[in-house]
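Visitor: requesting a structural model of the entry that follows:
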Amino acid sequence: MEDKVEFPVLDRGFVRLVDFMGGDEAVVQAARVSTGQGSKGLERDRALIDYLMSHRHETPFEHSVFKFHIRCPIFVARQWFRHRMASYNEISGRYTELRDEFHLPATLRTQVSKDYQYAPLPAETAAPLIERIAKHYDDSYRLYQELLGAGVAREQARIVLPLAIYTEFYWTVNARSLMNFLSLRAEAHAQEEIRAYAQVILQIFREKMPWTYEAFMKHWFKPVL
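Guide: Here you go, the predicted model:
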């Protein structure tokens with residue numbers, strides 16, 4: 001049964017942990033099976049995880065698995081799906097009429113350096129642009145509805161919808177691949193919108209695998225500056 005706790009992200013998105021298997025203990029079990037051993041007590045087990053992380057012995061971390069339900073704008077999902085060592089199933093605009101739900105930014109930003117540093121646009125500049133974005137969403141969705149009403153197939157009518165429309169998908173990922181995702185998407189150079197999701201997932205990871213999280217932060221992760 002799915003966990004009903006949702007962590008809101010952006011204006012209409014969420015992260016939900018649906019299922020989880022393994023944990024720090026599963027990492028220890030997988031690492032020690034090569035020598036026919038098991039747990040050696042909390043301190044030595046925790047030290048083993050730190051050793052594995054520091055030396056990038058990563059395969060034992062594949063034995064803990066997370067299953068998430070994600071709701072995010074399509075432009076975020078397309079970055080997300082670049083992480084291919086995972087399983088995905090996404091809602092289909094071919095089989096389902098998509099809802100009138102788009103990500104509307106509260107502010108707009110401009111790039112100020114080549115190393116992905118940004119600054120907010122002045123409010124007097126951003127406000128009318130955000131209004132035009134909202135109108136564009138309304139016009140696009142109205143056209144989508146007109147196409148459907150005229151009998152155009154859903155798979156073709158959807159072509160008029162912007163990338164800001166929300167999508168949903170299930171994401172099943174082992175802890176090793178999850179850490180790779182977090183190392184790239186929760187750090188300073190990631191796009192702000194996907195970083196917001198990654199920061200939530202980072203905290204879920206911390207709750208479910210505290211020893212692995214600690215070693216990950218110590219040896220692998222680059223914090224947001």
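Visitor: what residues are up against Arg94?
Guide: Listed by C-beta atoms under 8 Å, 6 or more residues apart in numbering, the contact set of Arg94 reads 154-155, 158. For glycine as for every other residue, the C-beta is placed from the backbone atoms N, C-alpha and C.
Visitor: with Asp11 instead?
Guide: Contact analysis of Asp11 by C-beta under 8 Å, 6+ apart lists 103-104, 106.
Visitor: please tell me which one of those residues counts the most neighbours.
Guide: Counting neighbours by other C-beta atoms under 10 Å, His103 leads the contacts of Asp11 with 21 neighbours.
Visitor: helix, strand or coil: sort out the closest residue to Leu184 other than its chain neighbours for me.
Guide: Spatial nearest neighbour of Leu184, excluding adjacent residues (C-beta to C-beta, 6 or more residues apart in numbering): Ala190 at 6.5 Å. Of the three states, Ala190 takes coil under DSSP: H, G, I helix; E, B strand; the rest coil.
Visitor: same thing with Cys72?
Guide: What three-state DSSP gives for Cys72 is strand.
Visitor: do Val15 as well
Guide: Per three-state DSSP, Val15 ends up strand.
Visitor: can you get me a residue count around it?
Guide: 23.
Visitor: wait, what's in contact with it?
Guide: Neighbouring residues of Val15 by C-beta under 8 Å, 6+ apart: 6-7, 9, 68-70, 197, 200-201, 204.
Visitor: the same query, at a cut-off of 10 Å, please.
Guide: Val15 makes contacts with 5-9, 68-72, 171, 196-201, 203-204, as judged by C-beta atoms under 10 Å, 6 or more residues apart in numbering.
Visitor: check the offset of the lengthiest helix in the chain from the chain's centre.
Guide: Counting residues, the longest helix found in the chain (DSSP state H) is helix 123-149. Put simply, helix 123-149 sits 26 Å off its chain's centre (C-alpha atoms, centre = their mean, to the nearest Å).
Visitor: how far does the next helix or strand after that helix sit from the chain's center?
Guide: Per DSSP states H and E, the first helix or strand lying C-terminal to helix 123-149 is helix 154-157. How far helix 154-157 lies from its chain's middle: 27 Å, per C-alpha atoms, centre = their mean.
Visitor: what about the helices in the chain?
Guide: Along the chain, the stretches classed as helices by DSSP H are 24-32, 42-54, 74-80, 123-149, 154-157, 175-185, 192-208, 210-219.
Visitor: and those helices as JSON lines, adding mean pLDDT, mean neighbour count and distance to Tyr116?
Guide: Listed next are those as JSON lines, based on pLDDT from 0 to 100; neighbours: other C-beta atoms under 10 Å; distance: least, C-beta to C-beta, whole Å:
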{"stretch": "helix 24-32", "mean pLDDT": "95", "mean neighbour count": "20", "distance to Tyr116": "33"}
{"stretch": "helix 42-54", "mean pLDDT": "94", "mean neighbour count": "16", "distance to Tyr116": "27"}
{"stretch": "helix 74-80", "mean pLDDT": "98", "mean neighbour count": "19", "distance to Tyr116": "13"}
{"stretch": "helix 123-149", "mean pLDDT": "98", "mean neighbour count": "13", "distance to Tyr116": "19"}
{"stretch": "helix 154-157", "mean pLDDT": "98", "mean neighbour count": "15", "distance to Tyr116": "35"}
{"stretch": "helix 175-185", "mean pLDDT": "97", "mean neighbour count": "21", "distance to Tyr116": "13"}
{"stretch": "helix 192-208", "mean pLDDT": "98", "mean neighbour count": "18", "distance to Tyr116": "10"}
{"stretch": "helix 210-219", "mean pLDDT": "97", "mean neighbour count": "19", "distance to Tyr116": "22"}
